[in-house]
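Trainee: model the following, please.
(chains A and B)
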Amino acid sequence: MAETFEKVYKRSHEPIFWGLFGAGGMLTAFISPAMILITGVLVPLGLLGHETLSYEKVHVFATSWYGAIVLFILIALPLWHTLHRIFHGLHDLGFHKGRDIQQVFCYGFAFAVSVFVGTILLQMA
Amino acid sequence: MTDNIIEIGILRYRPEEDDKPVMQTYEIPYNDEMSILEALHYIKDHLDSTVSFRWSCRMAICGSCGMMVNGIPKLGCKVFLRDYYPKKVTLEPLANFPIERDLVVVMDDFIKKLEAIKPHIISKKKKCLTEGTHKQTPAEMEKYQQFAMCINCGLCYAACPQYALDKKFTGPAALALIARYNRDNRDAGAAQRMEIVNQEEGVWGCTFVGYCSVVCPKDVDPAAAIQLLKIDSAKDYLIGMFKPD
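Mentor: Presented below is the predicted three-dimensional model:
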């Protein structure tokens, strides 16, 4: 049977969130094992010296422009990655109602925390 | 040939007499060279002529005999009793498709999606026969050939959890075919097909589960094709931001 109406194609805005998801995932996969090794194993065991993560050292790092950028990226991108996963996971688990609200909550949370972290880093600088 | 017996369960559904699908078990002589499709022929010829199933080529190229074998989408002609013996083999119609009768499913939605993506070369300009054929280098062919091996059997749709959840999703085979034609240097229809790709129910309905590629009997790897199209769609999105159509 011939279709009598013309199909309207609606472009998805997913590339933005998929891009953040991909970047966050890549970062998490490559950097988090090293971060866990340093902050969770080497420093607590004293293999890198207890002063490595001292308040003064970390404060100097966080207030430098490059340190602030590194911290912001390391916190924000994996967060967008995680909430994108949760958003799609909810669909997979059968929560089909209120997808708009789920989207606002998930990405809204990632956005809010990103702004929060960014603001703190800017205030410290 | 041995005297051993193997049990074959078939999910029967005859709309004129069954309210809902029912399992019926047959016992046939086991033969380690017998495919599942041949086993079905044995049942139809010797035990129960009312069993319905689709088949044609018997050599994994027509894509007709897709069915769930012990819950996994398979081509009946490409799996053998020896892969399961002495366990019972349970045959069900392909998941995610409505049952028409016994192992025969309604594939209309799948066929409609295949048609929608324009699975043919859309030329830049009509060529006169005297101008000769379109020439292509091995490197140019390499770019799409893997995705051209699809036989439209529908196993990937039966495997896809996203298609199971949302029938609007364009699905693995149709998207892989978009990748196949968009990557062909003789084709100029990419812009038309990207409209389908860019939608929520296009490439973005996929969450990269990858089961489509696991069950594909021709090693097409639709999941990889979809990821490539996601990159294309993301580029298209960026370009669209600066150059709205």
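
Trainee: distance of A:Leu79 from A:Val113?
Mentor: 6 Å (C-beta to C-beta, to the nearest Å). No exception for glycine: its C-beta is placed from N, CA and C like everyone else's.

Trainee: could you pull up the mean pLDDT of the lengthiest helix in chain B?
Mentor: Assignment by DSSP state H gives helix B:222-242 as the longest helix of chain B. Looking at helix B:222-242 alone, the average pLDDT works out to 94.

Trainee: buried set for that helix?
Mentor: B:222-230, B:232-234, B:236-237 (16 or more other C-beta atoms under 10 Å in any protein chain shown).

Trainee: hmm, back to that, so between A:Leu79 and A:Val113, which is more surrounded?
Mentor: A:Leu79 (19 against 15; other C-beta atoms under 10 Å in any protein chain shown).

Trainee: thinking again about what came up before, quick one: residues in contact with the longest helix of chain B.
Mentor: In this structure, residues lying in contact with helix B:222-242 by C-beta atoms under 8 Å, 6 or more residues apart in numbering or on different chains are A:11, A:13, A:15-16, A:18-19, B:147, B:150, B:156, B:172-173, B:175-176, B:178-180, B:182, B:194, B:197-198, B:202-204, B:206, B:208-210, B:212-213, B:216.

Trainee: those in helices, which ones?
Mentor: A:15-16, A:18-19, B:156, B:172-173, B:175-176, B:178-180, B:182, B:194, B:197, B:212-213.

Trainee: kindly give a single PyMOL line that selects the buried subset of those.
Mentor: To isolate the buried members of those in PyMOL, using 16+ other C-beta under 10 Å:
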select buried, (chain A and resi 15+18+19) or (chain B and resi 156+172+173+175+176+178+179+180+182+194+197+212+213)
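
Trainee: quick one, what contacts the residue nearest the centre of chain B?
Mentor: Geometric centre of chain B, nearest residue: B:Gly154, 2.4 Å, by C-alpha atoms, centre = their mean. Counting by C-beta under 8 Å, 6+ apart, B:Gly154 touches B:63, B:66, B:94, B:97, B:105, B:107, B:110, B:173.

Trainee: those residues into a markdown table, with extra columns for secondary structure and pLDDT?
Mentor: What follows is the contacts of B:Gly154, written out as a markdown table (DSSP: H, G, I helix; E, B strand; the rest coil; pLDDT from 0 to 100):
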| residue | secondary structure | pLDDT |
| --- | --- | --- |
| B:Gly63 | coil | 96 |
| B:Gly66 | strand | 98 |
| B:Leu94 | coil | 98 |
| B:Phe97 | coil | 98 |
| B:Val105 | strand | 98 |
| B:Met107 | coil | 97 |
| B:Phe110 | helix | 97 |
| B:Ala173 | helix | 98 |
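
Trainee: out of these, which is nearest to B:Ser123?
Mentor: Proximity of the contacts of B:Gly154 to B:Ser123, judged by C-beta to C-beta, is greatest for B:Ala173, which lies at 23.7 Å.

Trainee: these two touch, right, the closest one and B:Asn152?
Mentor: Yes. The criterion here is C-beta atoms under 8 Å, and B:Ala173 meets it with B:Asn152 at 6.3 Å.

Trainee: how about residue 7: what's its closest non-neighbour residue?
Mentor: The chain I'm using is chain A. Closest residue to A:Lys7 in three dimensions, ignoring its sequence neighbours and counting by C-beta to C-beta, 6 or more residues apart in numbering or on different chains: B:Ala116, at 7.8 Å.

Trainee: could you do chain B instead?
Mentor: In this structure, B:Glu7 finds its nearest non-sequential neighbour in B:Lys88, 4.1 Å apart by C-beta to C-beta, 6+ apart.

Trainee: ok, the one you found to chain A distance?
Mentor: For B:Lys88, the distance to chain A equals 31 Å [C-beta to the nearest C-beta, to the nearest Å].

Trainee: and for that residue, the neighbour number?
Mentor: 13.

Trainee: which ones are touching it?
Mentor: B:Lys88 neighbours (C-beta under 8 Å, 6+ apart): B:6-9, B:25.

Trainee: so which of the residues you listed comes closest to A:Leu121?
Mentor: Among the contacts of B:Lys88, and counting by C-beta to C-beta, the member closest to A:Leu121 is B:Gly9, at 63.0 Å.

Trainee: assumed the closest one was part of a strand.
Mentor: Yes. B:Gly9: assigned to a strand according to DSSP: H, G, I helix; E, B strand; the rest coil.
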